[in-house]
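Undergrad: just a sequence and a predicted model for now, questions to come.
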Amino acid sequence: MRTPRIVFKSDRSIAKLRALVAFLILVTLVGINTFPAAAAAVDLNLSAFTFAVPRSITHQIRDLIQLVESFGLPRRPENSLITKLDAAVAAGEPSDTATVCDSITAFINECLAQSGTQLTPEQSTQLINLANQIKSSLGCP
């Protein structure tokens, strides 16, 4: 899983970073459980930060399933692709990363096999690129 990015929108980055560290300490160690209260305690302007939190792997795989469905493929090739992604979702819920990686790899191999036949080369490339992003997020070989 990727670490959230923090983008500073002012030249006072060190001061903002110190305030953010204090904020995180208050939230995690001291137990202040509301962001506004913790932010106020360290005089932190939360609007100065941009957080990019990635979607869960399960959501990314489900998005990939929706993309496959949007192509309007014949039933058999579509089911073959979706079955592999469904296996990845099922393995991801108990957090079996090795099986998720294997299922995504099988999906990529199926995309390669279907490229130029049931999938256009563009569709195949799009699906493979998204699947590789998921594999990268998981740290798959």
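TA: Received the coordinates, thanks.
Undergrad: from residue 132, how far off is the nearest residue to residue 141 once chain neighbours are set aside?
TA: Nearest in space to residue 141, with sequence neighbours left out and distances taken as CB to CB, 6 or more residues apart in numbering, is residue 101 at 7.1 Å. Yep, even glycine has a C-beta here, placed from its N, CA and C like the rest. Separation of residue 101 from residue 132 (CB to CB, to the nearest Å): 11 Å.
Undergrad: looking at the two, which one has more neighbours?
TA: The neighbour comparison of residue 101 against residue 132 (other CB atoms under 10 Å) goes to residue 101, with 18 against 14.
Undergrad: can I assume residue 65 is in contact with residue 85?
TA: Yes. Between residue 65 and residue 85 there is a contact at 5.0 Å, judged by CB atoms under 8 Å.
Undergrad: give me the more crowded residue out of the two.
TA: Higher neighbour count among residue 65 and residue 85: residue 85, with 24 against 18, using other CB under 10 Å.
Undergrad: which ones are touching that one?
TA: Taking CB atoms under 8 Å, 6 or more residues apart in numbering, we find residue 85 in contact with 61, 64-65, 68, 103-104, 107.
Undergrad: could you rerun that using 6 Å?
TA: Neighbour list for residue 85: 61, 64-65, 107 [criterion: CB atoms under 6 Å, 6 or more residues apart in numbering].
Undergrad: going by distance to residue 141, which of these wins?
TA: Proximity of the contacts of residue 85 to residue 141 (CB to CB) peaks at residue 107, which lies at 15.3 Å.
Undergrad: what's the burial count for that closest one?
TA: Counted with other CB under 10 Å, residues neighbouring residue 107 total 28.
Undergrad: pLDDT wise, what is the nearest residue to it once chain neighbours are set aside at?
TA: Once flanking residues are discounted, residue 107 sits nearest to residue 84: 4.1 Å by CB to CB, 6+ apart. Listed pLDDT for residue 84 reads 97.
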